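Colleague: just coords:
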């Protein structure tokens, strides 16, 4: 069995999400945090804390990471829509902007 490299993302409320490294690297911001030179906590522990991103927004963002990984090399034109509730659209847009996704 091959161990998959994982990353822990922590929301403002302290909820922890363990996700695949490849999924986390959909975000340029997270990729840069995890691969930076030096002895930064994010690089050493594989953990990134987001004190400004709420749990529901971080969860939806992670769903998008996996959605993008699944469909980025798709040759079909029938890619399903990534649904976002209007109530969280603005906050999700701000998080996506920060995470550079």
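Modeller: Good, I have the coordinates. Not measured: the values here are computed from a predicted model. Numbers count the residues shown, from 1 in each chain.

Colleague: from here on, contacts and neighbour counts on C-alpha atoms
Modeller: Fine.

Colleague: give me the spatial nearest neighbour of residue 99, chain neighbours excluded.
Modeller: Excluding the flanking residues, the one nearest residue 99 by Cα to Cα, 6 or more residues apart in numbering is residue 29, at 5.1 Å.

Colleague: tell me the mean pLDDT over stretch 26-36?
Modeller: Averaging pLDDT along stretch 26-36 gives 89.

Colleague: next, the buried residues of that stretch.
Modeller: Burial within stretch 26-36, assessed by neighbour count using 16 or more other Cα atoms under 10 Å, is assigned to 26-27, 29-31, 33-34.

Colleague: any chance of TSV for those residues, columns distance to residue 66?
Modeller: Shown next, in TSV, are the buried residues of stretch 26-36 (distance: Cα to Cα, whole Å):
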residue	distance to residue 66
26	9
27	11
29	16
30	14
31	15
33	19
34	18
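
Colleague: which one of these is nearest residue 67?
Modeller: For the buried residues of stretch 26-36, the minimum distance to residue 67 (Cα to Cα) is 10.1 Å, reached by residue 26.
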